[in-house]
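**Student:** Sequence and predicted model, in that order:
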Amino acid sequence: MTPFQQASFFASAAKAADLPPEGGPEIAFAGRSNVGKSSAINALTDRRRLAFVSKTPGRTQMINFFDLGGAGWLVDLPGYGYAKVPQELREGWEELVGGYLARRGSLAGVVALVDARHPLTAHDRRLLEWLRPRALPCLVLLTKSDKLQRRERLRVLERVRRELAEAAIAAQAMLFSSSSRDGVEEARALLEGWLRDAGPGARNKRPPAKGKSTGG
Ligand code: GDP
C-alpha cells in the first residue's frame with residue numbers, strides 16, 4: 001500500500017497551540033467549503049469516509065491531521081470563503097489557517113482545491129498569493145471535472161495554467177474528479193513524490209495519538 005492508502009486520523013487542532021509538534025512532511029489541503037475537498041481526500045486515500053471526520057460537529061473549523069503510514073501527514077484545513085460564516089469565525093480561520101500556512105516548518109506542499117466550473121475565485125487567488133513567499137510545491141486540483149464536457153475541461157485547464165503563469169504563481173494544475181476518478185492516480189503519484197522529496201530524515205516523529213483530539 002502507498003502512504004496515502006494507509007491514512008488514518010491522528011488529531012485535530014482548534015488553535016495554534018493545539019497543533020501537533022512538527023515532524024515529518026505535511027501536505028495541506030485547502031479549498032472553499034463544498035469544493036469537493038473531503039471527497040478528494042477520500043479518493044486519494046482510497047477510503048470512503050476518512051475525510052468526513054473533518055465534517056463531524058465541532059471539527060469543521062479545525063485543522064485535522066491524518067497519518068500517512070509514517071511517511072508524512074495529510075493536513076485537512078477548514079474550508080474558507082463561505083459567505084455565511086460570521087466575521088468572528090472568519091478572523092479565527094485567518095489566524096489559525098493563515099498562521100499555519102505562513103509558519104509551519106514541516107509543511108512540504110499545498111493542494112489548493114478549485115471547482116473546475118468556477119476556477120480561481122478571489123479567495124483561491126488570495127490563498128495562492130499568500131503561499132507565494134514560501135515557494136512550496138503547490139498543486140491546483142480542478143475538482144468535479146466530470147461536470148464539464150471534455151472540450152470544456154481542457155479549456156479550463158489551459159486557462160488556469162495561463163492565469164497562474166500570469167500571476168507568477170508557481171503551481172501545477174490538474175483536472176480531478178472523485179466521481180469519475182479522473183486524475184486520482186496522477187495526483188497521488190505527484191503528492192507521494194513530494195513526501196519523498198522532503199527527504200528520508202522526514203519520517204514521522206510524533207508520538208502515537210491516534211483518534212485523539214487535541215482540540216477539546
Ligand atoms: P467539501 O465541503 O469541500 O469537503 O466537499 P465534499 O467533498 O463534501 O463535496 C461537496 C459536494 O460535492 C457533495 O455533494 C459531493 O457529492 C459533491 N462532489 C464532490 N466531489 C465531486 C466530484 O468529483 N464530482 C461530482 N459530480 N460531485 C462531487
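**Tutor:** Structure received.
**Student:** can you dump the C-alpha coordinates of the helix or strand of the chain with the lowest mean pLDDT into PDB?
**Tutor:** The helix or strand of the chain with the poorest confidence is helix 87-93; it has a mean of 71 (mean pLDDT, DSSP states H and E). Below are the C-alpha coordinates for helix 87-93, written out as PDB (Å, rounded to 0.1, in the frame of the first residue of the first chain):
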ATOM      1  CA  GLN A  87     -17.000  37.700  10.800                       C
ATOM      2  CA  GLU A  88     -15.600  36.300  14.100                       C
ATOM      3  CA  LEU A  89     -15.200  32.800  12.600                       C
ATOM      4  CA  ARG A  90     -13.600  34.300   9.500                       C
ATOM      5  CA  GLU A  91     -11.000  36.000  11.600                       C
ATOM      6  CA  GLY A  92     -10.400  32.800  13.600                       C
ATOM      7  CA  TRP A  93      -9.800  31.000  10.300                       C
END
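**Student:** Hmm, G109 and P137 touching each other?
**Tutor:** Yes - contact status for P137 versus G109: in contact at 3.9 Å, counting by C-beta atoms under 8 Å. C-betas here are computed from N, CA, C, even on glycine.
**Student:** what is in contact with these two at once?
**Tutor:** Counting by C-beta atoms under 8 Å, 6 or more residues apart in numbering, the shared contacts of P137 and G109 are W194.
**Student:** which residues does the residue nearest the centre of the chain bridge with?
**Tutor:** Geometric centre of the chain, nearest residue: F29, 0.6 Å, by C-alpha atoms, centre = their mean. According to DSSP bridges, the partner residues bridging F29 are D76, V111.
**Student:** More neighbours: P137 and G109, which one.
**Tutor:** Using other C-beta atoms under 10 Å, the more surrounded residue of P137 and G109 is G109, with 23 against 19.
**Student:** Doesn't that one lie inside a helix?
**Tutor:** No - with DSSP: H, G, I helix; E, B strand; the rest coil as the criterion, G109 is strand rather than part of a helix.
**Student:** Residue numbers of this structure in contact with the ligand?
**Tutor:** 31, 33-39, 79, 143-144, 146-147, 177-179 (C-beta under 6 Å from any ligand atom).
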